[in-house]
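[1] task: produce atomic coordinates for the following.
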Amino acid sequence: MLATDRQHAESIDSVSRALAEWTVTLLFERHPELERRIDGARALWKGEIMNRLHHLAEAIAADRAVLFVQSVEWARAAFIAREMDPEHLSASLIALEETLRAELPAELANRASVMIDEALDALQNADEATVDASFESALEHEGVDTVRSRAYLVHLLERHQSRAVDVLLDAVNSGRSVAEVYETVIGPALSEVGRLWQIQEATVADEHYVTTATQGALAVLRSRLPQAPRNGKRALAASVGGDLHDVGIRMVADLLESEGWQVDCLGANMPTVDLVEHAVDEFGTPQFDLVALSASTGLTVRSIAKAIESLREAAPDRHIPIMVGGGAFRVVPDLWKVVGADGCACCATDAVRVAAELAKA
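    Modelled structure (predicted):
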């Protein structure tokens, strides 16, 4: 991640509130019906524009427009679910682009404009009759145990946690490995509840309940994992600061332990300072043979890059193998190189393979 790209992103951060206010003012001048439609319209639209600016800053920092374009495509799905006209989303992006051109230095405004134009093109080319294919059910993808994944999610949405766990145990008893259950049952169910929340078919409470219940389910399945002899390797696993999701990184930790690693799993939203303090001693000696970091969304790209940079600086004479994964890295396949990692895993079982390769290097 280049220093100039980070500086550009920070420039947007520093004036994002003002940029959002000016953008909404311009939007309402052109579309006064938006302000009259609902109470608190200005605050809601300001929040929407702030969200776009956060995604734009991350995309500029990584120099990957797709991070911003995908966020706009997700916003389109939310607009359709809320019976809002996606044309108003396009109008807000046009107003944002004009505001940025008026208020930011030309070089930065031009970079932002290119990304916004890509997002506008994506909106224009989307099929108006349906939500984009990116928002199809996560349970219908190849390799998913659709029947069990759907049953697991339905039981949790109905608040029958024990029945949901029975679905997982049935899968194991029928011959599926715990790793397969993680990836073909639990993972798709979590993705699906996120999609349902996005399109207002599930509530925030639903999403939180499913996540919390799944953490309990992982504890049950953990006892079913085979245990290889200790291999003498230590790994540190965490979701970076700002990332509140940790089910994925816990799955990775479970599977690494099953393969003989000793793993310190620090969970979600791990501050960089504390991560580094735990990973490297005061003499600059790494305490682990591998660091595994997760960033579930595009909003934590800079956070993971900063964590990696700080780990490198803390151990200048010893290279720490760092593996990354999470949703942001599935969207942008080469993003792991941008943030300075040594490898990337697309799923929990892949993480075991990548970890073994990095530990040998």
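
[2] keeping just the C-alphas, turn stretch 351-361 into PDB.
    Output of stretch 351-361 as PDB, limited to C-alpha atoms (Å, rounded to 0.1, in the frame of the first residue of the first chain):
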ATOM      1  CA  ALA A 351      -5.600 -21.600   5.500                       C
ATOM      2  CA  VAL A 352      -4.200 -24.800   6.800                       C
ATOM      3  CA  ARG A 353      -2.400 -25.400   3.500                       C
ATOM      4  CA  VAL A 354      -1.100 -21.900   3.200                       C
ATOM      5  CA  ALA A 355       0.100 -21.800   6.800                       C
ATOM      6  CA  ALA A 356       2.100 -25.000   6.300                       C
ATOM      7  CA  GLU A 357       3.700 -23.500   3.200                       C
ATOM      8  CA  LEU A 358       4.600 -20.300   4.900                       C
ATOM      9  CA  ALA A 359       6.000 -22.100   8.000                       C
ATOM     10  CA  LYS A 360       8.400 -24.000   5.800                       C
ATOM     11  CA  ALA A 361       9.600 -20.900   3.900                       C
END
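
[3] show me the contact partners of it.
    By Cβ atoms under 8 Å, 6 or more residues apart in numbering, the list of residues contacting stretch 351-361 from outside reads 233, 235, 252, 255-256, 259, 261, 289-290, 292, 321, 323, 325, 342-345. In short, each C-beta sits where N, CA and C put it, glycine included.

[4] next one: it to chain centre, how far?
    Distance, stretch centre to chain centre, for stretch 351-361: 23 Å (Cα atoms, centre = their mean, to the nearest Å).

[5] can you pull the contacts of D13?
    Contacts of D13 (Cβ under 8 Å, 6+ apart): A57.

[6] no, scratch that, I was asking about M251
    Residues counted as contacts of M251 (Cβ under 8 Å, 6+ apart) are 182, 186-187, 218, 348.

[7] go with 7 Å
    Counting by Cβ atoms under 7 Å, 6 or more residues apart in numbering, M251 touches 182, 218, 348.

[8] coming back round to it: taking the contacts of stretch 351-361 one by one, which sit in helices?
    Taking DSSP state H as the definition of helices, those contribute 252, 255-256.

[9] ok, and the most crowded of those residues?
    V252 (27 neighbours; other Cβ atoms under 10 Å).

[10] in three-state terms, label the closest residue to that one other than its chain neighbours for me.
    Distance criterion Cβ to Cβ, 6 or more residues apart in numbering; nearest residue to V252, sequence neighbours excluded, is A351 at 4.5 Å. Of the three states, A351 takes helix under DSSP: H, G, I helix; E, B strand; the rest coil.

[11] test for you: state the pLDDT assigned to A351.
    Residue-level confidence at A351 comes out at 95, pLDDT.

[12] show me where the stretch 1-150 of the chain has its helices.
    3-14, 16-30, 32-37, 41-62, 66-81, 86-103, 106-125, 146-157 (DSSP state H, counting those that start in this stretch).

[13] could you tell me the least trusted of those?
    Ranked by mean pLDDT, those end with helix 32-37 at the bottom, a mean of 88.

[14] give the buried residues for that helix.
    Buried positions in helix 32-37, judged by neighbour count with 16 or more other Cβ atoms under 10 Å: L34.

[15] counting contacts, what elements does that helix pack onto?
    helix 16-30, helix 41-62 (3 or more Cβ pairs under 7 Å, 6 or more residues apart in numbering; DSSP states H and E).

[16] could you dump those into JSON lines with distance to L93 added?
    As requested, these are exported to JSON lines (distance: least, Cβ to Cβ, whole Å):
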{"stretch": "helix 16-30", "distance to L93": "9"}
{"stretch": "helix 41-62", "distance to L93": "7"}
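
[17] buried deepest among the ones you listed, which one?
    helix 41-62 (a mean of 21; mean count of other Cβ atoms under 10 Å).

[18] output the helices of the stretch 1-150 of the chain in a markdown table; the columns should cover distance to Q200.
    Shown next, in a markdown table, are the helices of the stretch 1-150 of the chain (distance: least, Cβ to Cβ, whole Å):
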| stretch | distance to Q200 |
| --- | --- |
| helix 3-14 | 29 |
| helix 16-30 | 23 |
| helix 32-37 | 17 |
| helix 41-62 | 15 |
| helix 66-81 | 5 |
| helix 86-103 | 15 |
| helix 106-125 | 20 |
| helix 146-157 | 14 |
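
[19] wait, which of those helices is closest to D281?
    Nearest to D281 among the helices of the stretch 1-150 of the chain is helix 3-14 (28.1 Å), distances taken as Cβ to Cβ.

[20] what angle do that closest one and helix 41-62 make?
    Here helix 3-14 runs at an angle of 170 degrees relative to helix 41-62 (axes from the mean of the first three to the mean of the last three Cα atoms, to 10 degrees).

[21] wait, G327 touches S296, no?
    Yes. At 4.8 Å, G327 counts as touching S296 under the criterion of Cβ atoms under 7 Å.
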